[in-house]
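> Based on what follows, work out the 3D shape:
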Amino acid sequence: MVPFFMRGCLRNKGISQKLLELHAKTKKNGKKKKKKIMQERFKRLKTEMEEIINEQKNVREGQRQVCDKIETIESECEQLKKETKMVIQQSARTQVKFALMFRILKAREEGDSATATNLTQLLREIVEMEKVIG
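Residues are numbered from 1 along each chain as shown. Have a look, this model is predicted:
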């Protein structure tokens, strides 16, 4: 079908043929430009997608590193808890030993040698148990 603006030109065949050719040529050039623009857009989008993919890889790597650090910190925290528990237990045993020593001294001052002997024996047993435990 002939474009609307060219309908009156059909009376003169030579001119109308030239106009039809010119119109077809212009249409081809327009298609080429559109195609070129689309190709450029496609290239830009492809580049942007590659950048986004790289950024996502970097984010995933960062997340993995953070997870590794968290695991390390949790492990260190557990170790510190164990050490703290051991220190608390050792402190408690030391307090018991000091209390026994104080009571032994009191018993000796008061001349109660039987109590002092019993407490001394108890203190020796506690010290021996500590050696066995570690």
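
> CA only for contacts and neighbour counts going forward, please
Noted.

> how about the helices of the protein, start to end?
13-110, 113-133 (DSSP state H).

> Compare these and say which comes out lowest on pLDDT.
Mean pLDDT values for those show the minimum at helix 13-110, a mean of 89.

> Would you pull up how far that one lies from the middle of the chain?
5 Å (C-alpha atoms, centre = their mean, to the nearest Å).

> re earlier: for the helices of the chain, give me JSON lines that also has mean neighbour count.
Formatted as JSON lines, the helices of the chain follow (neighbours: other C-alpha atoms under 10 Å):
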{"stretch": "helix 13-110", "mean neighbour count": "13"}
{"stretch": "helix 113-133", "mean neighbour count": "13"}
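
> quick one: contacts of stretch 97-113?
115, 116, 117, 119, 120, 123, 126 (C-alpha atoms under 8 Å, 6 or more residues apart in numbering).

> Residue 39: which of these is nearest?
residue 126 (86.5 Å; C-alpha to C-alpha).

> How about the contacts made by that closest one?
Per C-alpha under 8 Å, 6+ apart, neighbours of residue 126: residue 97.
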